[in-house]
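Chemist: Show me how the following folds:
(chains A, B, C, D, E and F)
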There are 4 protein chains.
Amino acid sequence: MASRQEMRSEETKKAILTAAAELFSQKGFDAVSIREIAKEAGCSHTTLYIYFKDKEALLHELSVGPLQALQKQMENVIADSTLSQDDRLKKVSVLFIEFCLSHRTMYTLFFMVKASRIDVEAEPAEELQILRTKLFDLMKSALLQSLPEEKNEARALAFARIYFYALHGIIGTYTHSEETSEQLMERLAPTFELSVEVVLEGCKQQMEKGAGRK
Amino acid sequence: MASRQEMRSEETKKAILTAAAELFSQKGFDAVSIREIAKEAGCSHTTLYIYFKDKEALLHELSVGPLQALQKQMENVIADSTLSQDDRLKKVSVLFIEFCLSHRTMYTLFFMVKASRIDVEAEPAEELQILRTKLFDLMKSALLQSLPEEKNEARALAFARIYFYALHGIIGTYTHSEETSEQLMERLAPTFELSVEVVLEGCKQQMEKGAGRK
Amino acid sequence: MASRQEMRSEETKKAILTAAAELFSQKGFDAVSIREIAKEAGCSHTTLYIYFKDKEALLHELSVGPLQALQKQMENVIADSTLSQDDRLKKVSVLFIEFCLSHRTMYTLFFMVKASRIDVEAEPAEELQILRTKLFDLMKSALLQSLPEEKNEARALAFARIYFYALHGIIGTYTHSEETSEQLMERLAPTFELSVEVVLEGCKQQMEKGAGRK
Amino acid sequence: MASRQEMRSEETKKAILTAAAELFSQKGFDAVSIREIAKEAGCSHTTLYIYFKDKEALLHELSVGPLQALQKQMENVIADSTLSQDDRLKKVSVLFIEFCLSHRTMYTLFFMVKASRIDVEAEPAEELQILRTKLFDLMKSALLQSLPEEKNEARALAFARIYFYALHGIIGTYTHSEETSEQLMERLAPTFELSVEVVLEGCKQQMEKGAGRK
DNA sequence: TATGAATGAGCTTTCATTCAT
DNA sequence: AATGAATGAAAGCTCATTCAT
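Modeler: I've put the predicted structure just below:
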């Protein structure tokens, strides 16, 4: 029932979002200019401001929806009792990795949170921050459920960190790759899974040692 | 024997390098302007162009020396027969991490190598690329020496990758931190070591499994 | 009899004029954007261009009506034989001042006539110019009627100028005030009247002196 | 002893100041763009930022020096015991008028002080504000010294206001004129003096009346 | 009549870089 | 060797205005 005009509008918006997503992924948020996005989207740079308040809003719109979808997926996996704890962790991790490689702006969003952002205008980014935290919490609890109970909280934190280092490293390594996320996943998905297994196994091993020492 | 003029010239160059190193570490490569460096170095911004083709050249010159020193250190560790293989790997890894956190531009240099660079003007970057490769090879061989022999080359590569993911993750996580490298190392050195141990232990475990399966 | 469509059209136009008048008074001509007016008027900004060629045209249309009303009022005062000449001048002046403070764009219109305007498109502004001149002439003749006859035309002109300086000064002083015209008039009407009296009395005094000297 | 380079620099700066002064006068501070000034000054718009931090700094530099000179002159006149009180007032007033017509940006500076300025960034403008107040105070006290003592403070204030209306009116009337200040002063100086006399005489007259009434 | 879509020109400001000295 | 002067390109963003519907 959409009029032709509405369709055109929708198309333009989508073109902008697509262009922005592409460019943000390739060059990073800061390195991409509004005019660049507009050119890629085939419209004037002012048109961009019709659809998005500013560059940040564009990033926001680009992120929130997909992130919420990801959150849902991850929650489903974690609630899936047909899977072993370890498989849940593996699946959740791969989901997260794949997501970040498909939406490469996410790398900045997840791993490059600067203090400067928080200072002044937390408002527009806040929703994102909350989502970010939620996802990290999901993964952390999945990890801890896969490990034997660790009483020493500092040590539990250390293991969580090590797990996140691995994720960060995987995503960071391929964020600027020229391969598509599909190509990367096809080529490397086993390595990613192996990576999670390695870290998980290594943690367990260390915990045994630690326990034995005590 | 250097004439007075040559000495003064050398001093200026050193001042520029010092200022640039300081500022790059503090604020990151992109966030520092040429004029800022010049002001800090106590000379005009045009002087900078006498010694360095551009900002990038400055970064390169800034990197080569320290990297060579790092290389030496790493080679020494690897050649140190008083240490176990595992300890050599751990030490080499921590050296590398510490180095990258002290010279934060290194993160970009090591992990953000873009294709675009290579196309056009490979020449100045070449030396760096060689160094980079050397260091990675050093670490890779240290890792493989710590692992039982792996005939399957693809699998060996996978383990190397996983190890590098961890390094990348650690450095990437703290490259933009506001803490100094000293603060970070004091606070997190045990976690970094644990991280290497975890990965190493995990790899070993996986190799056993893999072997058993066969 | 107006059709329903015509009525609606008339309403829209009125809404735009009202909004523009309000905003121009509040923030000044330049500080108000077309979109702002449209939003206030409850229509699209493009609609504005249906009724008015541009922002300037809007200002003109906004001015002519009120100015004609003012002219009527001033003519009535001048023709009012129940008042003394001096009182007519005072009343006419205060009317003018109050009008300008209620319609603050008038300040620009009356006192900021630029040469550039006349060059290009005298047509739409012409009507305003005629009105402007009429009003000034009305006040000038009211002044001269209050003064003893002055044979020296240059001197008569000087007194007229001095009188207009006072008006210009009063209006200019408060055109950008944040007080409403009502507040200003309540607070300062006596000062405005006194101002006219002072100038009038001063002129008379000077004419005596001048006469004596001759 | 200035090198050729220094001279060129000085010339450029002067050209910018001249252009800015001219344009600010013609169109007002806000309506003039940096690029416009640069074009008029015959240099790139970026050159402007070499000499002045921003547009406001340009206005500042344009104003403070001349204003301080004016202040000196006015103080000298007021301290000059060879002149009658009335002559001091007249002279001070004409000085002020002539100054404003020579530096037409001053009109905005003196008479268009907006609330917005004061809010946020009073700092750069502060020095100007202080000077402004000083000059007004100088003129006000000169006026009150010329008038018989007025016990009623409100009435004294009213007279001061009326006097300032006249000044404002005179300056406002010719601020946008195309005549130079020299031309204007030659043509109208007698009228300006007469204007001060008229207001002064008128005030005295009114005070007599007021006194008689009491 | 009325409007959403779209644009070009313009704003202030910063930057890396070059030129003449 | 070293520098101040100067610039073009680019950034994010806003505005009045036009076009197609």
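Chemist: who's in contact with A:Arg155?
Modeler: Applying Cβ atoms under 8 Å, 6 or more residues apart in numbering or on different chains to A:Arg155 gives the contacts A:Met207, A:Gly210. Where you see a C-beta, it was placed from the backbone N, CA and C, and this is true even at glycine.
Chemist: what's the pLDDT at the residue nearest to the spatial centre of chain A?
Modeler: Chain A has A:Cys100 as the residue nearest its centroid, 4.2 Å off, counting by Cα atoms, centre = their mean. Looking at A:Cys100, its pLDDT stands at 93.
Chemist: That one touches A:Gly172, doesn't it?
Modeler: No: counting by Cβ atoms under 8 Å, A:Cys100 stays clear of A:Gly172, with 9.3 Å between them.
Chemist: Find residues that contact each of the two.
Modeler: Listed contacts common to A:Cys100 and A:Gly172 are A:Tyr107; contacts here mean Cβ under 8 Å, 6+ apart.
Chemist: Just give me the neighbour total for A:Glu75.
Modeler: For A:Glu75, the count of nearby residues is 14 (other Cβ atoms under 10 Å in any protein chain shown).
Chemist: I'd say it and A:Leu138 touch.
Modeler: Yes: applying Cβ under 8 Å as the test, A:Glu75 and A:Leu138 come out as touching, 6.9 Å apart.
Chemist: Now do the nearest residue to A:Arg104 once chain neighbours are set aside: how many residues are near it, please.
Modeler: Leaving aside its sequence neighbours, A:Arg104 sits nearest to A:Ser25 (Cβ to Cβ, 6 or more residues apart in numbering or on different chains; 3.1 Å). Neighbour count for A:Ser25, taken as other Cβ under 10 Å: 21.
Chemist: quick one: A:Ser25 and A:Thr105 touch, right?
Modeler: Yes: counting by Cβ under 8 Å, A:Thr105 is a contact partner of A:Ser25 at 5.7 Å.
Chemist: next SSE after the host helix or strand of A:Val92?
Modeler: In this structure, A:Val92 sits in helix A:85-102 according to DSSP states H and E. Going down the chain from helix A:85-102, the next helix or strand is helix A:105-111, by DSSP H and E.
Chemist: Send me stretch A:40-49 as PDB with only the CA atoms.
Modeler: What follows is stretch A:40-49, C-alpha atoms only, in PDB (Å, rounded to 0.1, in the frame of the first residue of the first chain):
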ATOM      1  CA  GLU A  40      28.300   5.800  -2.100                       C
ATOM      2  CA  ALA A  41      24.500   5.800  -1.500                       C
ATOM      3  CA  GLY A  42      24.000   7.900  -4.700                       C
ATOM      4  CA  CYS A  43      22.500  10.900  -3.000                       C
ATOM      5  CA  SER A  44      23.500  14.300  -1.800                       C
ATOM      6  CA  HIS A  45      25.000  14.600   1.600                       C
ATOM      7  CA  THR A  46      22.200  16.800   2.800                       C
ATOM      8  CA  THR A  47      19.800  14.000   2.100                       C
ATOM      9  CA  LEU A  48      21.500  12.100   4.700                       C
ATOM     10  CA  TYR A  49      20.400  14.600   7.300                       C
END
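Chemist: wait, does it contact DNA strand F?
Modeler: Yes: under the criterion of Cβ under 7 Å from any atom of the strand, stretch A:40-49 makes contact with DNA strand F via A:His45, A:Thr46, A:Tyr49.
Chemist: average pLDDT across that stretch?
Modeler: 95.
Chemist: Would you tell me whether it gets close to chain C?
Modeler: No: between stretch A:40-49 and chain C, judged by Cβ under 8 Å from any Cβ of the partner chain, nothing touches; the nearest distance is 12.0 Å.
Chemist: which bits of chain A sit near chain C?
Modeler: Near chain C, when you scan chain A using Cβ under 8 Å from any Cβ, you find nothing.
Chemist: how close does A:Cys203 get to B:Thr180?
Modeler: Applying Cβ to Cβ, to the nearest Å, the value for A:Cys203 to B:Thr180 is 29 Å.
Chemist: buried ones in the helix holding A:Val92?
Modeler: Neighbour-count burial for helix A:85-102 flags A:86, A:88-102 (criterion: 16 or more other Cβ atoms under 10 Å in any protein chain shown).
Chemist: Would you tell me whether stretch A:3-20 gets close to DNA strand E?
Modeler: Yes: applying Cβ under 7 Å from any atom of the strand, one finds stretch A:3-20 touching DNA strand E at A:Gln5, A:Glu6, A:Arg8, A:Ser9, A:Glu11, A:Thr12.
Chemist: host element of the first one?
Modeler: Which is A:Gln5. For A:Gln5, the host element (DSSP H and E) is helix A:4-27.
Chemist: and that helix, what other elements does it pack with?
Modeler: Counting contacts by 3 or more Cβ pairs under 8 Å, 6 or more residues apart in numbering or on different chains; DSSP states H and E, helix A:4-27 packs against helix A:34-41, helix A:45-51, helix A:55-79, helix A:105-111.
Chemist: Deepest-packed of those helices, please.
Modeler: Ranked by mean neighbour count under mean count of other Cβ atoms under 10 Å in any protein chain shown, those are led by helix A:105-111, which reaches a mean of 22.
Chemist: And the longest helix anywhere in chain A, what does it pack against?
Modeler: The longest helix of chain A (DSSP state H) is helix A:181-213. Counting contacts by 3+ Cβ pairs under 8 Å, 6+ apart, helix A:181-213 is packed against helix A:85-102, helix A:153-175, helix B:153-175, helix B:181-213.
Chemist: For it, list every residue counted as buried.
Modeler: A:181, A:184-185, A:188, A:191-207.
Chemist: starting at the chain centroid, how far to that helix?
Modeler: 19 Å (Cα atoms, centre = their mean, to the nearest Å).
Chemist: low-scoring stretches of chain A, by residue?
Modeler: Low-confidence segments of chain A (pLDDT under 70): A:1-2, A:113-125, A:212-214.
Chemist: mind running it again at 90?
Modeler: When residues are selected by pLDDT under 90, those of chain A lie in A:1-8, A:21-31, A:59-66, A:102-132, A:175-179, A:209-214.
Chemist: how near is the residue in chain A that DNA strand F sits nearest to to A:Thr105?
Modeler: Residue nearest to DNA strand F within chain A (Cβ to the nearest atom of the strand): A:Ser33, separated by 2.8 Å. The gap separating A:Ser33 from A:Thr105 is 15 Å, by Cβ to Cβ.
Chemist: Now do the domain split for chain A, please.
Modeler: Domain assignment for chain A by automatic domain parsing gives A:1-52, A:63-213.
Chemist: Now distance to B:Glu56 too, for those domains, in CSV please.
Modeler: Compiled in CSV, the domains of chain A are given as follows (distance: least, Cβ to Cβ, whole Å):
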stretch, distance to B:Glu56
domain A:1-52, 15
domain A:63-213, 17
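Chemist: Which of these sits closest to C:Ala79?
Modeler: C:Ala79 sits nearest to domain A:1-52 of all these, at 55.9 Å, using Cβ to Cβ.
Chemist: now the closest one: how far from the chain's centre is it?
Modeler: The answer for domain A:1-52 is 22 Å, by Cα atoms, centre = their mean.
Chemist: What residues does chain A have near DNA strand E?
Modeler: Residues of chain A found near DNA strand E (Cβ under 7 Å from any atom of the strand) are A:5-6, A:8-9, A:11-12, A:43-47, A:49-50.
Chemist: In those, find the pair that's most separated.
Modeler: A:Glu6 and A:His45 (22.5 Å).
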